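Engineer: any chance you could fold what I've pasted below:
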Amino acid sequence: MADGSTPIAAEERLKAARERAYATPLEDFHVGDPELFQTDTHWPWFERLRAEDPVHWCRDSEFGPYWSVTKYNDIMAVDTNHAVFSSDAALGGITIRDARADLRRPSFIAMDPPRHDDQRKVVSPVVAPHNLAAMEPIIRERAARILDELPIGETFNWVDRVSIELTTQMLATLFDFPFDERRKLTHWSDVATTIPYPGGLVETEEQRQAELAECLNAFLVLWNERVNAPPRGDLVSMLAHGASTRNMSHDELLGNLILLIVGGNDTTRNSISGGLLALNQNPEQYQKLRDNPDLIPNMVPEIVRYQTPLAHMRRTATADYELGGKTIRKGDKVVMWYVSGNRDETAIDNPGAFIIDRERPRQHLSFGFGIHRCVGNRLAEMQLRIVWEEILKRWSHVEVVGEPTRVRSSFVKGYEVLPVRISG
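Structural biologist: Now for the predicted structure:
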């Protein structure tokens, strides 16, 4: 990176975090603290848990008590056992933060079978292979236009100009949402996943709910248009005509809309930014890519692993269960830390390294496993592949020139600002 002080500052911050993590008693660990992710200092805390207490009980936090599952195979055991580990919104849903009981909105990711299966089937055709093939030239054309409009020789925010713009255009297409209003989708995604705090995107839960009500009202207009028209290939029409979704309550509709907006936005958006940052932090890998652009398809899943755009998923135990020598009790909150599992030295070779020609790049947890595996994972990978193909056609180097501003969240592991410069 051009700013020589940036890597040094980050290194010092991580060194201090490591000292603190290894000096803190394990019983006082709270790896769900959003500040650890905003400052990118969560790594040593998870490193220690994997080594010393891979199934860890946090006795108290702003989110209440919870289990942390931090190793690859243990996470797989939880993620693939929906009979014991429930996603149901009524039990708390899929994030470490419980929604207020009166605000728990069901969506198919926050459901168990059979309702989950029925609703997922309604929307999964949007990413069927023939639809992906039809979308590829559209994504390529948009990526080319976005990149061609970037300034040369001046610093700009890659997150806003590239990562958000490309993914928001794709979301608008998937929903057939008014294209000139597409940035509302990004805003609603951010509102849905942020934790309210003074000076934050939203400061109170009431403000969040008011903004999400605007999201619902905007989509109700589209719903009412499409429910009375023949079925089409966009997500709103699919939901309006699906046998298991056409009679949803407004709460359930909003829950599913938020799921699809966040799912279609965060993975790709933060991997586009995280990939560029990782290449700048590992210049030998960037050179390897320049020397051999055919590595892009292999690099894409490595970016998704290395970034881990959603740091965790949560479940609630419906029965007592033994895991890693610990007894998880019925009703306990169980957090699967994908961000830790993707760095598990016992499951992935040299997991702390970013290696674009890694032998098994798809061995990662970022898309989840089991019935809740990300429905749009192939679309996310396709967008990443195309954007990197188009970048390499234009420039040999996009330079990160300052430290990124990260999202204050232990759920979405992402970026608000990534300052970059293109030399030409």
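Engineer: and the nearest residue to residue 369 once chain neighbours are set aside, how many neighbours does it have?
Structural biologist: Closest residue in space to residue 369, ignoring its immediate chain neighbours: residue 79 at 4.5 Å, by CB to CB, 6 or more residues apart in numbering. For glycine as for every other residue, the C-beta is placed from the backbone atoms N, C-alpha and C. The number of residues packed near residue 79 is 22, by other CB atoms under 10 Å.
Engineer: do the same with residue 330
Structural biologist: 11.
Engineer: chain center to stretch 333-348, what's the gap?
Structural biologist: Between the centre of stretch 333-348 and the centre of its chain there are 15 Å (CA atoms, centre = their mean, to the nearest Å).
Engineer: next SSE downstream of the worst-scoring helix or strand of the chain on mean pLDDT?
Structural biologist: The helix or strand of the chain with the poorest confidence is helix 115-123; it has a mean of 71 (mean pLDDT, DSSP states H and E). Later in the chain than helix 115-123, the nearest helix or strand by DSSP states H and E is helix 129-148.
Engineer: with only the CA atoms kept, save that next one in PDB.
Structural biologist: Coordinates of each C-alpha in helix 129-148 appear next as PDB, following Å, rounded to 0.1, in the frame of the first residue of the first chain:
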ATOM      1  CA  PRO A 129     -27.700 -22.200 -14.500                       C
ATOM      2  CA  HIS A 130     -29.600 -20.900 -17.600                       C
ATOM      3  CA  ASN A 131     -30.400 -17.700 -15.700                       C
ATOM      4  CA  LEU A 132     -26.800 -17.300 -14.700                       C
ATOM      5  CA  ALA A 133     -25.700 -17.700 -18.300                       C
ATOM      6  CA  ALA A 134     -28.200 -15.100 -19.400                       C
ATOM      7  CA  MET A 135     -27.000 -12.700 -16.700                       C
ATOM      8  CA  GLU A 136     -23.300 -13.000 -17.500                       C
ATOM      9  CA  PRO A 137     -23.200 -10.600 -20.500                       C
ATOM     10  CA  ILE A 138     -25.300  -8.000 -18.500                       C
ATOM     11  CA  ILE A 139     -22.900  -8.200 -15.500                       C
ATOM     12  CA  ARG A 140     -19.900  -7.900 -17.800                       C
ATOM     13  CA  GLU A 141     -21.400  -4.800 -19.600                       C
ATOM     14  CA  ARG A 142     -22.100  -3.100 -16.300                       C
ATOM     15  CA  ALA A 143     -18.700  -4.000 -14.800                       C
ATOM     16  CA  ALA A 144     -17.000  -2.500 -17.900                       C
ATOM     17  CA  ARG A 145     -19.000   0.700 -17.700                       C
ATOM     18  CA  ILE A 146     -18.400   1.100 -14.000                       C
ATOM     19  CA  LEU A 147     -14.700   0.600 -14.400                       C
ATOM     20  CA  ASP A 148     -14.400   2.900 -17.500                       C
END
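Engineer: mind starting the numbering at 456 from now?
Structural biologist: All right, first residue 456 from here; so that's helix 584-603.
Engineer: packing partners for the following helix or strand past that helix?
Structural biologist: The helix or strand immediately downstream of helix 584-603 is strand 611-612, counting by DSSP H and E. Secondary-structure packing of strand 611-612 (3 or more CB pairs under 8 Å, 6 or more residues apart in numbering; DSSP states H and E): strand 874-877.
Engineer: tell me where the stretch 606-755 of the chain has helices.
Structural biologist: 613, 620-630, 638-648, 660-682, 690-696, 705-736, 738-746, 751-762 (DSSP state H, counting those that start in this stretch).
Engineer: so for residue 528, which of those helices sits nearest?
Structural biologist: helix 751-762 (16.0 Å; CB to CB).
Engineer: thanks a lot, see you next time.
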